[in-house]
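Undergrad: Coordinates only, no sequence provided:
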DNA sequence: AGCACGCCGACT
DNA sequence: GTCGGCGTGCTC
Ligand SMILES: [Zn+2]
Ligand SMILES: [Zn+2]
């Protein structure tokens, strides 16, 4: 008899194992397919991870139940992806079912109510010549046209080109035959993309290119470290070209905010239809179709964000992780995987290389390159012999002394005026955290908060209501302060919005564009802003972090950073690193084609992150930051994780974590800190506490963390989660 | 995770 | 006497 081993959709430590089921007569099952099975007194779905061809009843200590139904005709998981899921479990102390679910797009996950529909379209599948006489002019024309087209041809498109009645009579006469056919939703229209021509490499780029080629021979992982504007993208695009020419496939990962229409343009414009695009703003249907396109082997290059590392390519020749240092490569929720580790695993499986590309590599990656775990490939000059932008650091304390209380320093204002006169463009970065609009009383300072969470409510224009971003709660906008009944209760706008208004007052004639979450929430709005600024129809672009990445404007000669300290003051050991990276990145936007200047406004002008960024001195920053990391025992000298406990009562969450703390205190290999409330202590009336863990031995620690879930299991009362 | 089973308080 | 609270254990 044949049996299957199934991972069921019950995410709990007690059920984190395979369950055996009997395959029934006529059921066609393969490893990687989804099945419907009885489980206890209910029915669940699961993934087939193994098949036993000639199992004996005596092999099992329990009575086998039958597989109710096989849900797929083809496996949704390859052998490789199943192994990758196992690796993810080890790396994150997660359950197998969660790892498998994260790997798959929503449409192929298990246990979902809303099925994603296969899209169909009426297509002309056959054209019969000679049925329509030439005197029926229009109809004849349509037939002639179709004979010159590749079939199947969209009937809707044909109706648009000719007319509905004409197509109708063709159908009636039997001159054409149509059929409902499955179509894949496309996420870009390759015909509207102009070709992105191959750029000749500079000498420095060529050296890097050759070094990478050599590294790829032996499947080495590499760090491509090039200063801003050094043309790293062109180098790895030409490597991808070589990979595709050799018949293999490539994955390119890009940070969330850098996967702009311009980025897609580069790849589609260079490689055409062989490109699949996967990003978080695709609908489930679009994502599903991109996935199927990849599975069918029609895709050579996958460009996407974090989860695109799980693309079901079967013959990978290269994986590129662009802006390697970006924090969006780590998933924050429970399988808290690091995309870079997943990439290294897949590269190992396919015997190919990973290229970590960045102008400001993470300390972890750079340190690995230092000890030759990664091959170091550097490009230390900009293309076209351009100079690095000049960076001026402005001490905002002096502005205060000079009675300048505005958001703009005198130097920045003068520089803006100068560029406006010269008809050159300006980018201003305002990276203020807490970007959302909230409601605050002018008289008593009361801020409207969610009754279920420890967070202020945010205003949504569309519903004209206050919403909570962490739970379902919403309420109408109050007219008077609930605390003091004052009528002066007002919306506080986004940082960038206020900045734009202040800027407009200073420069009434300047054409100012704003790019932030608000102004890019609609489809196509990002492209529209980009086009306007590119076409020189605006002088100043004001925005959040998203203007620091993935956008190239040759006419920009001035970049201003309004509040450089925002990133530095963040309570995180990576704050300096983040600040250095952001400042380097954004000042690199200046002078892409001619000499540029960056002006950084700060209250901490002597901070080493700002100083080294101003001097474009990555090495210097690296040395200094490594000293601090060593001193305080932080990565890359160890690993850092946080352990969270969530429960309906704060005490329960705290007590459980404290018990774990007591136990871990005695483990020499793990440093554990006392439990503290999470950043947002209460969400949806659930309280979260967290402990920080530092350790060197990842395997040992993760094994212990996994065991915790068993040992401290409090039957659905307290839930534990681990993030890296 | 769900769902049943089972053991004690309180209620028509 | 029974109804229902939740603590405990199991699911091929
Ligand atoms: Zn008030
Ligand atoms: Zn809430």
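TA: Thanks, I have the structure now. Quick caveat: nothing in here was measured; it's all calculated off a predicted structure. Ligands and ions are numbered 1, 2, ... in the order given.

Undergrad: Point me to the helix or strand that includes the residue of the stretch 301-450 of chain A found nearest DNA strand C.
TA: Nearest residue of the stretch 301-450 of chain A to DNA strand C (Cβ to the nearest atom of the strand) works out as residue A:334 at 18.5 Å. (C-beta placed from N, C-alpha, C; glycine too.) Taking DSSP states H and E as the definition, residue A:334 sits outside all helices and strands.

Undergrad: Do a quick rundown of the helices in the stretch 501-650 of chain A.
TA: Here the stretch 501-650 of chain A has its helices, by DSSP state H, counting those that start in this stretch, at A:525-534, A:565-568, A:575-587, A:608-614, A:618-631, A:650-665.

Undergrad: If you count contacts, what does the third one end up packed against?
TA: What it means is helix A:575-587. strand A:556-561, helix A:565-568, strand A:597-602, helix A:608-614, helix A:618-631 (3 or more Cβ pairs under 8 Å, 6 or more residues apart in numbering; DSSP states H and E).

Undergrad: Just confirm residue A:112 is within a helix.
TA: No - looking at residue A:112 with DSSP: H, G, I helix; E, B strand; the rest coil, it is coil, so not inside a helix.

Undergrad: wouldn't it be in contact with residue A:106 here?
TA: Yes - here residue A:112 lies in contact with residue A:106, judged by Cβ atoms under 8 Å, at a distance of 6.9 Å.

Undergrad: What's the local residue count around residue A:405?
TA: The tally of other residues near residue A:405 (other Cβ atoms under 10 Å) stands at 7.

Undergrad: what's the closest non-adjacent residue to whichever residue of the stretch 601-724 of chain A sits closest to ligand 1?
TA: Residue nearest to ligand 1 within the stretch 601-724 of chain A (Cβ to the ion): residue A:682, separated by 22.9 Å. Excluding the flanking residues, the one nearest residue A:682 by Cβ to Cβ, 6 or more residues apart in numbering is residue A:454, at 4.5 Å.

Undergrad: and what of residue A:194?
TA: Using Cβ to Cβ, 6+ apart, the nearest residue to residue A:194 is residue A:269, at 5.8 Å.

Undergrad: Tell me the confidence at the one you found?
TA: We have a pLDDT of 92 for residue A:269.

Undergrad: likewise the one 3 residues further on?
TA: Residue A:272 is assigned a pLDDT of 90 by the prediction.

Undergrad: what's the answer for residue A:494, then?
TA: 62.

Undergrad: Also residue A:435?
TA: pLDDT, read off for residue A:435, is 53.

Undergrad: who are the neighbours in contact with the nearest residue to residue A:331 once chain neighbours are set aside?
TA: Excluding its sequence neighbours, the residue lying closest to residue A:331 (Cβ to Cβ, 6+ apart) is residue A:337, at 5.3 Å. By Cβ atoms under 8 Å, 6 or more residues apart in numbering, the contact list for residue A:337 reads A:88, A:91-92, A:102, A:330-331, A:724.

Undergrad: Distance to residue A:279 and neighbour count for the residues you listed - can I get that in a markdown table?
TA: Formatted as a markdown table, those follow (distance: Cβ to Cβ, whole Å; neighbours: other Cβ atoms under 10 Å):
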| residue | distance to residue A:279 | neighbour count |
| --- | --- | --- |
| A:88 | 21 | 25 |
| A:91 | 24 | 20 |
| A:92 | 23 | 25 |
| A:102 | 16 | 19 |
| A:330 | 17 | 15 |
| A:331 | 15 | 19 |
| A:724 | 23 | 19 |
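
Undergrad: and these, which two are the farthest apart?
TA: A:102 and A:724 (14.2 Å; Cβ to Cβ).

Undergrad: just checking, which of the helices of the stretch 501-650 of chain A sits deepest inside the structure?
TA: Mean neighbour count (mean count of other Cβ atoms under 10 Å) peaks for helix A:575-587 among the helices of the stretch 501-650 of chain A, with a mean of 24.

Undergrad: got the angle for that one vs strand A:597-602?
TA: 150 degrees (axes from the mean of the first three to the mean of the last three Cα atoms, to 10 degrees).

Undergrad: just to revisit the earlier point, can you flag the weakest of the helices of the stretch 501-650 of chain A by average pLDDT?
TA: helix A:565-568 (a mean of 84).

Undergrad: okay, now the residue nearest to residue A:682: neighbour count?
TA: 16.

Undergrad: Confirm it sits in a helix?
TA: No - per three-state DSSP, residue A:454 lies outside any helix segment and is coil.

Undergrad: could you measure it against residue A:38, distance?
TA: According to Cβ to Cβ, to the nearest Å, residue A:454 and residue A:38 sit 43 Å apart.

Undergrad: got a list of what the residue in the stretch 101-250 of chain A that DNA strand C sits nearest to touches?
TA: The nearest approach of the stretch 101-250 of chain A to DNA strand C comes at residue A:111, 14.2 Å away (Cβ to the nearest atom of the strand). By Cβ under 8 Å, 6+ apart, the residues touching residue A:111 are A:9, A:44-45.

Undergrad: out of these, which are inside strands?
TA: A:44-45 (DSSP state E).

Undergrad: Make CSV from the contacts of residue A:111 and add pLDDT to it.
TA: Formatted as CSV, the contacts of residue A:111 follow (pLDDT from 0 to 100):
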residue, pLDDT
A:9, 96
A:44, 94
A:45, 96
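
Undergrad: and residue A:391, what element?
TA: Assignment of secondary structure by DSSP H and E places residue A:391 within strand A:390-395.

Undergrad: for that strand, which positions count as buried?
TA: Judged by neighbour count using 16 or more other Cβ atoms under 10 Å, the buried positions of strand A:390-395 are A:391-394.

Undergrad: Now do it against helix A:575-587: the angle between them, please.
TA: 130 degrees.

Undergrad: Would you check how far apart the residue of the stretch 401-550 of chain A found nearest DNA strand C and residue A:441 are?
TA: Nearest residue of the stretch 401-550 of chain A to DNA strand C, counting by Cβ to the nearest atom of the strand: residue A:452, 19.8 Å away. Plainly put, residue A:452 is 21 Å away from residue A:441 if you go by Cβ to Cβ.

Undergrad: Check residue A:527 too.
TA: 39 Å.

Undergrad: what's the answer for residue A:582, then?
TA: Using Cβ to Cβ, residue A:582 is found at 33 Å from residue A:441.

Undergrad: Show me the shaky parts of the stretch 101-250 of chain A.
TA: Within the stretch 101-250 of chain A, the stretches with pLDDT under 70 are A:114-115.

Undergrad: how about the helices in it?
TA: A:137-147, A:155-161, A:164-173, A:203-217, A:232-245.

Undergrad: Quick check: which of those helices is nearest to residue A:371?
TA: helix A:203-217 (16.0 Å).

Undergrad: buried residues in that closest one?
TA: A:204-205, A:208-209, A:211-212, A:215-216.

Undergrad: And for that helix, what's in contact with it?
TA: By Cβ under 8 Å, 6+ apart, helix A:203-217 touches A:201, A:222, A:224, A:226, A:230-231, A:234-236, A:238-239, A:242, A:318, A:352-353, A:355, A:375, A:377-381, A:383.

Undergrad: Check stretch A:233-244 too.
TA: By Cβ under 8 Å, 6+ apart, stretch A:233-244 touches A:198-199, A:201, A:205, A:208-209, A:212-213, A:216, A:224, A:226, A:249-250, A:252, A:266-267, A:270-271, A:274, A:300-301, A:317-318, A:320, A:322, A:355, A:357, A:379.

Undergrad: so residue A:272, which of the three states?
TA: From three-state DSSP, the assignment for residue A:272 is helix.

Undergrad: next one: the helix or strand hosting the residue of the stretch 601-724 of chain A closest to ligand 1 to chain centre, how far?
TA: Element membership for residue A:682 (DSSP H and E) is strand A:676-683. Taking Cα atoms, centre = their mean, to the nearest Å, the mean C-alpha location of strand A:676-683 is offset from the chain mean by 25 Å.
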